[in-house]
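Student: got a sequence here, can you build the structure:
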Amino acid sequence: MDKKKQREPKEARKNKGEYRQLSHQFEPVFDADSRVLILGTFPSVKSREMQFYYGHPQNRFWRIIAYLAESEVPQTIEEKKRLLLRTGIAVWDVIERCEIIGSSDSSIRNVVPADLNRILQNSSVRTIYANGQTAKKLYEKYSQKDTGREIIGLPSTSPANAAYSMERLLEYWSVIREELN
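Tutor: Numbering: from 1, shown residues only. This is a model prediction of the structure:
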């Protein structure tokens, strides 16, 4: 086996090029004091393996949230949850169930949207942000009519979004800081 295949997650190697019907396996993070909701599309292979959001080590999401919160970058799932709740940020994904190839957002089909009203009716969320344009488009297609709320698209924190440096991402994502203060 070559080195590249050794580094790929087992699920990705096993299912490369194959659609799999998957359901979201972990809960949203929010509480009554959450003021901002950040939505992704559907957990990546790495996030599914770790059973938590933005699990790929090159994903810049946690560094951005730490910057916005003026905090250290959280390492454990519990530290990540505490940071989100302390900061007033809720996190979930637009999709509850879908068919997907690996982590490819562009392959998503046969979508069952998540019930976002579960968060919106039990929190103080004022603004919804999309982590990437695909999350924004999926929200507008599958969820906006039900929630009655607009969404603001932000550039994806994914390592696949190489067009955006960390500094450039921070410029866009800093809009959230205003909501939190």
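
Student: what's the local residue count around residue 83?
Tutor: Residues lying near residue 83 (other Cβ atoms under 10 Å) number 20. The way it works is simple: take the backbone N, C-alpha and C, and place the C-beta from them, glycine included.

Student: buried ones in the helix or strand containing it, by neighbour count?
Tutor: Element membership for residue 83 (DSSP states H and E) is helix 77-87. Buried residues in helix 77-87, counted by 16 or more other Cβ atoms under 10 Å: 80, 81, 83, 84, 87.

Student: excluding chain neighbours, what is closest to the first one?
Tutor: Which is residue 80. Sequence neighbours aside, residue 74 is the residue nearest to residue 80 in space, at 4.4 Å (criterion: Cβ to Cβ, 6 or more residues apart in numbering).

Student: so how far is residue 54 from that neighbour?
Tutor: Between residue 74 and residue 54 the distance is 11 Å, computed by Cβ to Cβ, to the nearest Å.

Student: also residue 37?
Tutor: Distance from residue 37 to residue 54, counting by Cβ to Cβ: 15 Å.

Student: ok so, going back, wait, doesn't the residue nearest to residue 80 sit right on residue 61?
Tutor: No: the criterion here is Cβ atoms under 8 Å, and residue 74 misses it with residue 61 at 10.6 Å.

Student: okay, these two: which has more neighbours?
Tutor: For residue 74 versus residue 61, the count of surrounding residues by other Cβ under 10 Å is larger for residue 61: 21 against 18.

Student: how about the contacts made by the more buried one?
Tutor: By Cβ atoms under 8 Å, 6 or more residues apart in numbering, the contact set of residue 61 is 53, 54, 131, 157.

Student: now with 10 Å?
Tutor: Going by Cβ atoms under 10 Å, 6 or more residues apart in numbering, residue 61 touches 38, 40, 53-55, 80, 91, 131, 156-158, 169, 173.
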